[in-house]
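A.B. asks: Following is a predicted model, sequence given first.
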Amino acid sequence: MSNVTSIISDRYGCRGLTILFWSLCSIIGFSMFLGSTVSHVRYGAIFLLLPGTYCAAPPLQTWVANNSAPHVRRATALAIFLIMTNSGGILATWLLGSLSPAPKYTKASITLLIFNIGLFVCTAANLAYLVMRNKEKKRLREEGETSEGEHGLGDDGVDYKYLL
């Protein structure tokens, strides 16, 4: 599914929308897992929360890389992204291991649900911000403003278009 998500988000230029879709799937899965005591429902919830969690990462990483320029800013953004995702793996290990007992994993599920809600909200806010910035840059280009001659502008330049 991660490969299919990557292909769709790249071909149609909808990285933000694919992240929103998969984070919503994960939110629904964690909510079902937390809200039910029926083992069949909890097992079915895993089929939503796992793809939702893992399929959001490829378009998210690509989104960070595509919307950061010049190369120094892009490298820094990707390094911070990898630090955050690896920190999440460490947190999940502790949450699902000793801090939240099996079989309910209540504390871990609540924490991971909150992070997925945060991902959804931040993605929606960033998508709205990038749409606004693209409209602003388009207006400036139509007024005749250019960023020629100004070195090091990167994604702040008028000619730079953010990928959604």
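C.D. replies: Done, it's in. Here the structure is a predicted model, which means the values were calculated and not measured. Residues are numbered from 1 along each chain as shown.
A.B. asks: show me the contacts for the most centrally placed residue in the chain.
C.D. replies: Among the residues of the chain, the one closest to the centroid is L60, at 4.2 Å (CA atoms, centre = their mean). Taking CB atoms under 8 Å, 6 or more residues apart in numbering, we find L60 in contact with R15, I19, F81, T123. The C-beta positions use only the backbone N, C-alpha and C, and glycine is treated the same way.
A.B. asks: can you do 6 Å?
C.D. replies: Listed by CB atoms under 6 Å, 6 or more residues apart in numbering, the contact set of L60 reads I19.
A.B. asks: So L96 sits against S109, correct?
C.D. replies: No - at 9.1 Å, L96 does not count as touching S109 under the criterion of CB atoms under 6 Å.
A.B. asks: Could you check which of the two has the larger neighbour count?
C.D. replies: S109 (22 against 17; other CB atoms under 10 Å).
A.B. asks: so that one makes contact with S36?
C.D. replies: No - in this structure, S109 is not within contact of S36 by CB under 6 Å, at 11.3 Å.
A.B. asks: Determine the set of other helices and strands touching the lengthiest helix in the chain.
C.D. replies: In the chain, assigned by DSSP state H, the helix with the most residues is helix 106-142. In terms of contacts (3 or more CB pairs under 6 Å, 6 or more residues apart in numbering; DSSP states H and E), helix 106-142 is packed against helix 15-35.
A.B. asks: And the next helix or strand past the helix it packs on?
C.D. replies: helix 39-54 (DSSP states H and E).
A.B. asks: next one: the following helix or strand past that next one to chain centre, how far?
C.D. replies: Sequence-wise, the next helix or strand downstream of helix 39-54 (DSSP H and E) is helix 57-66. How far helix 57-66 lies from its chain's middle: 7 Å, per CA atoms, centre = their mean, to the nearest Å.
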